[in-house]
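> got a predicted model here, sequence first, then my questions.
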Amino acid sequence: MTVFSELRMRPATAARWGWDASVTARLVMAGVVIFTLLVGANLATPLYPLLQARLGISALDVTVAFSAYVLALVATLILAGHWSDHIGRRAALVLAVLTGLAGGLVFASADSLAALCAGRALQGAAVALATGASSAALRELLPSRPEWASRFTLLASAGGVAAGPAIGGLLSVFPGPTSTPYYLHSLVLAALLVPLYLLKARPAITSTAGQQPLKVLAPRRPSVSSEARGAFWLASSVGFLSFAVFGFCLSLAPGYFAQIVHADSRPLIGVLAGLTLAASALSQLLAVRGRFVVPAGLVLLSVSVLLIAAAAAWSSTGLLVAASVTAGLGQGVAFRTVFNTVAGKVEAARHAQIISTVYVITYLGSAFPVIGLGLAAGAVGLQTAVAGFVVLCAALGVVLAAVSLRQALRA
């Protein structure tokens, strides 16, 4: 199968030479694509103060640019989250990489808020196209180990988001600090197209019978089976809270953390902004099990986000680092457990569609709460706005912990 025949949802007219990759190689490719796209989507985190100064934009404008990425991601998940079930995982990943390339180049050359938003929107669309495809591919490659499929999915996702700010900060020390990171990242994306093109793709999991196969790509109203509904809503709610915290870390946190540590080093601020995400990624390697893992993880997340605000009040770098790490550990363990539960209850033919729907709600946590935080920061100041924001996040975490505890006790 060629990429073009996959996109047309037609069988290849003739056999062609290709790379018959092993299962391990296919696992690596699926993880590396989503990891690399998320790195590119978050390179800008430590660069926002520079962009504010260069373009003359405000804190609210920063949250608008950040949210353009999230809203485009959500819209694409709704419109195209099920595509890889029909065109195949490889074709969806190729589309994602090409879209990510375009987004990075637009952002690198942006000279206005509108151009920043356009670049961010393309990056969001790229991540959306890869999200369902990579998650479904990992689960198909590990049919007897679904928990590890979920671990790899979240490790690649959280790892990419965590690495982006750190890499962006390091690359910003070179000439052209707001463009060089994106040009270098674009070279990596272009290199990924080579193995993706050569790969002998497996057929799509859902055939397209009939004379008009393109109809299956039309947007669908999200739906979940009754067996998976409870798990779906808990996973989506935990995801929404998680990404509200992550959205803060990746948008306004660089300026907030700089006030705490009294430093303006972009590599340092990038590392601090990515600490919570890095801890979340590393938590996927921990073998934590038990009936009360989810409520315990959510309580740890709630307490930790409150301590992040306390670190600002006490100007304590040590407390900031510790709270960021424990927030990521609590979130990672809780979200992995609920994510694995809902993924295990979804039928294979609709896996990409349902997981994409989970991420629709999850990523909305990085949009509306963060825009509200930006508005509040402009009205009452950044520190006061963050204090109110973390209190709301902690309250939601406690409520979800109570819900999950009730479910655990009933089970």
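Here it is on my side, so go on.
> pass me the low-pLDDT residue ranges in the stretch 51-200 of the chain, would you?
82, 146 (pLDDT under 70).
> contacts for stretch 388-402?
Contact with stretch 388-402 is made by 234, 237-238, 241, 244-245, 248, 294-296, 298-299, 301-303, 305-306, 308-309, 369, 372-373, 376, as judged by C-beta atoms under 8 Å, 6 or more residues apart in numbering. Quick note: C-beta positions are derived from backbone N, CA and C, even for glycine.
> change it to 6 Å
237-238, 241, 244-245, 295, 298-299, 301-302, 305-306, 309, 373 (C-beta atoms under 6 Å, 6 or more residues apart in numbering).
> same question for stretch 114-128.
So stretch 114-128 is in contact with 37, 41, 65, 68-69, 72-73, 76-77, 96, 99-100, 102-103, 106-107, 110, going by C-beta under 6 Å, 6+ apart.
> circling back to that earlier point, out of the contacts of stretch 388-402, which sit inside helices?
Among the contacts of stretch 388-402, the ones falling in helices (DSSP state H) are 237-238, 241, 244-245, 295, 298-299, 301-302, 305-306, 309, 373.
> let me have these in JSON lines, extended by pLDDT.
Shown next, in JSON lines, are these (pLDDT from 0 to 100):
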{"residue": "S237", "pLDDT": "91"}
{"residue": "V238", "pLDDT": "92"}
{"residue": "L241", "pLDDT": "93"}
{"residue": "A244", "pLDDT": "90"}
{"residue": "V245", "pLDDT": "90"}
{"residue": "P295", "pLDDT": "93"}
{"residue": "L298", "pLDDT": "94"}
{"residue": "V299", "pLDDT": "95"}
{"residue": "L301", "pLDDT": "95"}
{"residue": "S302", "pLDDT": "95"}
{"residue": "V305", "pLDDT": "91"}
{"residue": "L306", "pLDDT": "92"}
{"residue": "A309", "pLDDT": "83"}
{"residue": "L373", "pLDDT": "83"}
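> of all those residues, which comes closest to L285?
L301 (18.3 Å; C-beta to C-beta).
> look at the closest residue to the closest one other than its chain neighbours and tell me its secondary structure.
For L301, ignoring the flanking residues on the chain, the nearest one in space by C-beta to C-beta, 6 or more residues apart in numbering is G330 at 3.8 Å. Following DSSP: H, G, I helix; E, B strand; the rest coil, G330 is assigned to helix.
> and for the one 10 residues further on?
On the three-state scheme (three-state DSSP), N340 is labelled helix.
> list the buried ones in the helix or strand hosting T337?
Assessed by DSSP states H and E, T337 sits inside helix 317-345. By neighbour count on 16 or more other C-beta atoms under 10 Å, the buried set for helix 317-345 is 319-320, 322-343, 345.
> and the ones in helices among the contacts of stretch 388-402 as JSON lines, adding neighbour count?
Formatted as JSON lines, the ones in helices among the contacts of stretch 388-402 follow (neighbours: other C-beta atoms under 10 Å):
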{"residue": "S237", "neighbour count": "19"}
{"residue": "V238", "neighbour count": "31"}
{"residue": "L241", "neighbour count": "27"}
{"residue": "A244", "neighbour count": "24"}
{"residue": "V245", "neighbour count": "29"}
{"residue": "P295", "neighbour count": "22"}
{"residue": "L298", "neighbour count": "30"}
{"residue": "V299", "neighbour count": "20"}
{"residue": "L301", "neighbour count": "33"}
{"residue": "S302", "neighbour count": "23"}
{"residue": "V305", "neighbour count": "29"}
{"residue": "L306", "neighbour count": "18"}
{"residue": "A309", "neighbour count": "22"}
{"residue": "L373", "neighbour count": "25"}
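> much appreciated, bye for now.
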